[in-house]
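> My questions are about this predicted structure, shown below with the sequence.
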Amino acid sequence: MVDLDLDAEMAATIGAAVGSINYGATELLGTNYMADLLGSNVGLGYIAVGAAGVVVVTDHLGVTEVFDE
């Protein structure tokens, strides 16, 4: 079994990656996996993925210090 140390930074990175993959799949394949998975609550999913992306990008650029190093 894999011992996965999932902290807040990793969860935000995974959330941003899922959003990026979904956007690419929507444009390339014409299928929206988040809409299929979340059904009618897709707007909340997009907000969560967007927030994760903003947190990850601003932390990596040094604009904010969200995660302890």
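Structure's in. What do you need?
> What segments of this structure are strands?
Counting by DSSP state E, the chain forms no strands at all.
> Any stretches of it with poor pLDDT?
1-6, 69 (pLDDT under 70).
> mind redoing it with 80?
For the chain, the stretches with pLDDT under 80 are 1-7, 66-69.
> can you pull the contacts of the closest residue to Glu9 other than its chain neighbours?
Once flanking residues are discounted, Glu9 sits nearest to Phe67: 4.2 Å by Cβ to Cβ, 6 or more residues apart in numbering. For every residue, glycine as well, the C-beta is placed using N, CA and C. Contact analysis of Phe67 by Cβ atoms under 8 Å, 6 or more residues apart in numbering lists 7-9, 59.
> Ramachandran coordinates for Asn32?
Asn32 adopts backbone torsions of phi -110, psi 100, taken as degrees, to the nearest 10.
> Apologies, that question was intended for Thr31.
Torsion angles, degrees, to the nearest 10, at Thr31: phi -120, psi 140.
> quick one: it from Ile21, how far?
12 Å (Cβ to Cβ, to the nearest Å).
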